[in-house]
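*Asks:* give me a 3D structure for the following:
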Amino acid sequence: MTQSKFILKGALVAMAIVGTIATPGAALAATYEGEVGGWIPWWSDTTGIKSATKNIKKVDTIYPFVYEVDAAGSIIDKANLDERQWQSFFKTARKNKVEIIPTIAWFDGDQIHPILSDDKLRNDQIESIVKVVEKGNFDGINIDYEDKNSETKDYFSLFLKDLKKELKGKLLTCTVEARTPAKDLYVNVPSPLNYANDYKEIAKHCDRIELMTYDQQRADLTLNKKRTGYPYAPVADKEWVEKVVKLALEDFPKDKVLVGVATYGRAWDVTVEPDWFSSYSRVATLNPPRIQELSKKIYRTPIGRSEGGEAIMSYFPEDTTWEKLNKQKLPKGTPKGMEAAAKALAYANKTGETVSVRFITYSDAKSIEDKLDLANKYKLRGTVLFKIDGEEDKNIWKLFD
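*Replies:* Numbers count the residues shown, from 1 in each chain. Here you go, the predicted model:
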């Protein structure tokens with residue numbers, strides 16, 4: 001498919017602001033020159049199809065995120081692609097020359113290894129995948145096998161090699177977990193350092209590579225130290241994404257790589273002790289409409305922006321004993337969105353008590369625009385949204401007008 005071109009329109013030290021934390025604002029004008037893809041998840045297929053249909057002229061590839069593999073290696077259709085809403089959507093996509101490449105996902109390394117390491121079972125699975133592509137008349141298949149064991153690496157490469165051959169010209173695209181540079185991931189880098197994916201082999205056999213540059217959380221130890229002062233457990237700090245992309249491009253051709261961008265956020269309960277935010281417990285995955293509701297209607301707390309480019313907010317849930325801390329005096333210099341976090345830390349410093357605060361960080365249109373800028377900078381093939389479900393920030397689509 002011809003590459004689309006679009007126009008973007010649009011701690012003792014904890015009380016100190018480390019750099020400038022900006023507030024959400026209008027996207028800066030820039031030119032984005034890459035392709036656009038997006039996953040429609042089976043658990044929100046009706047609303048996802050509706051959103052994708054509305055914006056069909058702005059995308060190049062749709063990935064129905066609907067197939068999963070069970071323990072026996074069988075491929076399960078969790079959305080029933082034969083139903084009318086999917087078939088109607090596929091007609092619309094094809095009419096608009098949008099590629100349809102469904103995803104086959106598998107998330108259990110202990111199940112993956114015995115299948116891929118056995119010649120017969122591996123070949124049986126390849127045959128099953130080819131049948132899926134042929135039956136649906138799809139443009140190709142997207143393989144998303146995660147949490148593999150390092151001992152599976154060579155078998156996975158062989159699987160991709162043989163699958164590409166059997167697809168007979170259909171596209172093979174591979175979703176790859178984000179690889180944080182070892183110096184940032186480990187206090188002491190293991191030797192030898194073993195990975196579950198052989199990037200060089202993936203580059204040989206996969207026509208496109210979708211990098212899952214999201215769900216960073218606390219993975220980057222270097223950035224964890226750099227971003228001290230306020231809670232930090234991002235979906236995808238723009239600085240971390242750039243590190244992941246640069247490392248990936250040591251093995252992947254840039255014209256094969258699509259940078260993955262999230263359209264959701266995470267809520268965390270953060271334990272606050274004197275001088276630092278000591279631990280994080282994940283509460284929920286949230287979409288922008290719910291986050292806006294929490295901000296505007298329930299807790300009436302402002303949304304700010306982190307140094308890493310994400311939208312952020314903090315508050316004390318009504319069902320906790322720490323709601324009383326809302327009456328605390330706000331420390332001078334507190335950035336927007338971190339009001340409750342700053343009050344919690346000030347109280348912990350004053351009393352020596354351990355308290356808790358709710359922290360939300362999420363990927364909105366401005367955050368995604370930062371990732372598009374990186375795609376431009378490194379001349380990547382494009383970007384792919386996870387996920388299109390009707391609850392993504394609607395301003396995202398303005399980026400592709």
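*Asks:* in the stretch 51-200 of the chain, which ranges drop under the pLDDT threshold?
*Replies:* By pLDDT under 70, the stretch 51-200 of the chain has no low-scoring segment.
*Asks:* alpha carbons only: can I get stretch 44-55 in PDB?
*Replies:* C-alpha atoms of stretch 44-55 as PDB (Å, rounded to 0.1, in the frame of the first residue of the first chain):
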ATOM      1  CA  SER A  44     -14.900  -3.900  22.600                       C
ATOM      2  CA  ASP A  45     -15.600  -4.900  19.000                       C
ATOM      3  CA  THR A  46     -18.900  -3.200  18.500                       C
ATOM      4  CA  THR A  47     -17.700   0.200  19.600                       C
ATOM      5  CA  GLY A  48     -14.300  -0.400  18.100                       C
ATOM      6  CA  ILE A  49     -15.800  -1.100  14.700                       C
ATOM      7  CA  LYS A  50     -17.900   2.000  15.000                       C
ATOM      8  CA  SER A  51     -14.900   4.200  15.700                       C
ATOM      9  CA  ALA A  52     -12.800   2.600  13.000                       C
ATOM     10  CA  THR A  53     -15.500   2.900  10.400                       C
ATOM     11  CA  LYS A  54     -16.000   6.600  11.200                       C
ATOM     12  CA  ASN A  55     -12.200   7.200  10.700                       C
END
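*Asks:* mind checking pLDDT for the residue nearest to the spatial centre of the chain?
*Replies:* Central residue of the chain (C-alpha atoms, centre = their mean): Tyr214, 3.3 Å from the mean position. You'll see Tyr214 listed with a pLDDT of 98.
*Asks:* from Lys366, how far out is the closest residue in space to it that isn't next to it in sequence?
*Replies:* Nearest in space to Tyr214, with sequence neighbours left out and distances taken as C-beta to C-beta, 6 or more residues apart in numbering, is Ala262 at 3.9 Å. Backbone N, C-alpha and C define where each C-beta goes, glycine included. The spacing between Ala262 and Lys366, counted by C-beta to C-beta, to the nearest Å, is 13 Å.
*Asks:* beyond the helix or strand where Phe156 lies, next helix or strand please.
*Replies:* Element membership for Phe156, per DSSP states H and E: helix 153-166. As assigned by DSSP H and E, the chain's next helix or strand after helix 153-166 is strand 171-177.
*Asks:* touching, Gly109 and Thr152? I think so.
*Replies:* Yes - counting by C-beta atoms under 8 Å, Gly109 does reach Thr152; the two are 6.7 Å apart.
*Asks:* between these two, which contacts overlap?
*Replies:* Residues touching both Gly109 and Thr152 (C-beta atoms under 8 Å, 6 or more residues apart in numbering): Ala196.
*Asks:* neighbour count winner among these two?
*Replies:* Ranked by neighbour count (other C-beta atoms under 10 Å), Gly109 and Thr152 place Thr152 first, with 21 against 16.
*Asks:* leaving out chain neighbours, which residue sits closest to the more buried one?
*Replies:* Nearest non-adjacent residue to Thr152, counting by C-beta to C-beta, 6+ apart: His113, 4.6 Å away.
*Asks:* same question for Ile104.
*Replies:* Using C-beta to C-beta, 6+ apart, the nearest residue to Ile104 is Tyr67, at 4.3 Å.
*Asks:* wait, the one you found sits on Pro102?
*Replies:* Yes - counting by C-beta under 8 Å, Tyr67 does reach Pro102; the two are 5.9 Å apart.
*Asks:* ranges for the strands of the stretch 301-401 of the chain?
*Replies:* Here the stretch 301-401 of the chain has its strands, by DSSP state E, counting those that start in this stretch, at 304-305, 311-315, 355-362, 382-386.
*Asks:* just the buried residues of stretch 143-151, please?
*Replies:* Neighbour-count burial for stretch 143-151 flags 143-146, 148 (criterion: 16 or more other C-beta atoms under 10 Å).
*Asks:* need the CA coordinates for that stretch. CSV is fine.
*Replies:* Output of stretch 143-151 as CSV, limited to C-alpha atoms (Å, rounded to 0.1, in the frame of the first residue of the first chain):
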residue,chain,number,x,y,z
ILE,A,143,1.8,-12.7,15.3
ASP,A,144,1.8,-11.6,18.9
TYR,A,145,3.4,-14.3,21.0
GLU,A,146,4.4,-12.8,24.3
ASP,A,147,6.2,-13.8,27.5
LYS,A,148,8.1,-16.5,25.7
ASN,A,149,11.0,-18.4,27.4
SER,A,150,14.5,-17.7,26.2
GLU,A,151,14.9,-21.4,25.3
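*Asks:* hmm, who's touching it?
*Replies:* The contact list for stretch 143-151 (C-beta under 8 Å, 6+ apart) reads 103-110, 112-113, 117, 156, 160, 163, 172-175, 177, 194-197, 206.
*Asks:* tell me the contacts of the nearest residue in space to Thr173 that is not next to it in sequence?
*Replies:* Nearest residue to Thr173 in three dimensions, chain neighbours excluded: Arg208, at 4.1 Å (C-beta to C-beta, 6+ apart). By C-beta under 8 Å, 6+ apart, the residues touching Arg208 are 171, 173-174, 256-258, 381.
*Asks:* picking that back up, turn the buried residues of stretch 143-151 into JSON lines, including secondary structure and distance to Thr271.
*Replies:* Shown next, in JSON lines, are the buried residues of stretch 143-151 (DSSP: H, G, I helix; E, B strand; the rest coil; distance: C-beta to C-beta, whole Å):
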{"residue": "Ile143", "secondary structure": "strand", "distance to Thr271": "39"}
{"residue": "Asp144", "secondary structure": "strand", "distance to Thr271": "33"}
{"residue": "Tyr145", "secondary structure": "strand", "distance to Thr271": "35"}
{"residue": "Glu146", "secondary structure": "coil", "distance to Thr271": "29"}
{"residue": "Lys148", "secondary structure": "coil", "distance to Thr271": "32"}
